[in-house]
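Asks: would you be able to build a 3D model of this:
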Amino acid sequence: MAGDKSDALIEFEKVCMRFAGQQVLRDITFTVPQGQTLVVLGESGCGKTVLLKLIIGLLRPTSGCVRFDGRILTNLSDFELARQRLRFGYVFQGAALFDSLSVFDNVAFGLRELRRFSEHEIRENVRQRLQEVGLPPGVEAKKPAELSGGMKKRVALARALAINPEVMLYDEPTTGLDPIMSDVINELILQTRKRHPVTSVVVTHDMHTARKVADRIIMLYPLSRLKPEESQILFDGTPDELQQCPDPRVHQFIEGKAGERLRELGTQNSKAETS
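Replies: Numbers count the residues shown, from 1 in each chain. The predicted model follows:
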């Protein structure tokens, strides 16, 4: 289920990422076809958010290459890279709203940066996007501090959709939300795909989100617990195939069982005490 390279919109080819001597990603290779919703699973520290930042060119890989629409991002000038980023909508983990701006101005921010629209067009676009994510009339004047966590996430989604992106990137879209609001966000991700012809990459550790929104799932594993010859991608396939994966590490993650990890931590503590 690796995707057909001929219709790939996003391509990773032997991508490695290292920070101050610590390797986070190793030989990551996959493609994402246009229109697919890819979910990237994995526990904290396995490089999921780093992967998103590589897709949009906020980070440069230590080695290997990332292509978007056939172009290697590291070969682009700053101007060309900025133009490519306008094709992306990014929903950050903590919503990342501008605290000093109203909801209206947060959603309008990207549209104003484009400098292609009149204030009347911007106002109508913002109204439509806020309605699309289920926010009530009157919310436009509020500041982020006056919003609940779920409302902030929906404003962030409205802001990302306002520029009519070709690709949507979601970084832990349900983190910190209660189960009902988490499912509201999942439904909005599904509705976005139905209403707009977007390609989506969703980074999460939430299995309910993964099962609900994914066409395809990739699961990453922390390099610190892998042998040098092992692939960092433990699984690549459909949600149904994930349930049948024989790898015990995948099974442990999707079932949320801590037994093996507790044994690993116990062994590490014992070694630390005897050293």
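
Asks: who touches residue 156 in this structure?
Replies: 91-92, 95-97 (C-beta atoms under 8 Å, 6 or more residues apart in numbering). Where C-beta positions appear, they are placed from N, C-alpha and C, glycine not excepted.

Asks: report the lowest-confidence entry in those.
Replies: In terms of pLDDT, residue 95 ranks lowest among the contacts of residue 156, with 79.

Asks: distance check, that one against residue 144.
Replies: As judged by C-beta to C-beta, to the nearest Å, residue 95 and residue 144 stand 7 Å apart.

Asks: which of the three states applies to residue 113?
Replies: Assigned with DSSP: H, G, I helix; E, B strand; the rest coil, residue 113 falls in the helix class.

Asks: sorry, that was for residue 12
Replies: strand.

Asks: that one and residue 30 touch, don't they?
Replies: Yes - Residue 12 lies in contact with residue 30 (C-beta atoms under 8 Å); the separation is 5.4 Å.

Asks: ok, residue 233 touching residue 218?
Replies: Yes - proximity of residue 233 to residue 218 meets the contact threshold set by C-beta under 8 Å, at 5.7 Å.

Asks: quick revisit: save the contacts of residue 156 as CSV, and put in neighbour count too.
Replies: Shown next, in CSV, are the contacts of residue 156 (neighbours: other C-beta atoms under 10 Å):
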residue, neighbour count
91, 25
92, 18
95, 21
96, 14
97, 23
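
Asks: can I get these in CSV including secondary structure?
Replies: Listed next are the contacts of residue 156 as CSV, based on three-state DSSP:
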residue, secondary structure
91, strand
92, coil
95, coil
96, coil
97, coil
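
Asks: of those, which is the nearest to residue 59?
Replies: residue 92 (14.8 Å; C-beta to C-beta).

Asks: need phi/psi at the closest residue to residue 148 other than its chain neighbours.
Replies: If you skip the residues right next to it in sequence, residue 148 has residue 181 as its closest partner in space, 8.0 Å away by C-beta to C-beta, 6 or more residues apart in numbering. With angles defined as degrees, to the nearest 10, residue 181 sits at phi -70, psi -30.

Asks: surely residue 99 forms part of a strand?
Replies: No - counting by three-state DSSP, residue 99 is located in no strand; its state is coil.

Asks: tally of neighbours for it?
Replies: Residue 99 has 8 neighbouring residues, counting by other C-beta atoms under 10 Å.

Asks: again, but for residue 182
Replies: When neighbours are counted by other C-beta under 10 Å, residue 182 registers 20.

Asks: could I get the full set of helices for the stretch 51-200 of the chain?
Replies: Counting by DSSP state H, counting those that start in this stretch, the stretch 51-200 of the chain has helices at residues 78-85, 103-114, 119-132, 149-162, 179-195.

Asks: buried residues of the shortest one, list them for me.
Replies: Yep, that's helix 78-85 we're talking about. For helix 78-85, the neighbour count (16 or more other C-beta atoms under 10 Å) marks 81, 84-85 as buried.

Asks: just how off-centre is that helix within its chain?
Replies: Distance of helix 78-85 from the chain centroid (C-alpha atoms, centre = their mean, to the nearest Å) equals 20 Å.

Asks: show residues contacting it.
Replies: Residues outside helix 78-85 that contact it (C-beta under 8 Å, 6+ apart): 56-57, 68-69, 71, 73, 76.

Asks: do the same with the longest one
Replies: Residues outside helix 179-195 that contact it (C-beta under 8 Å, 6+ apart) are 37, 132-134, 148-150, 153-154, 157, 161, 168, 170, 173-174, 177, 198, 200, 202, 206, 208-209, 212-213.
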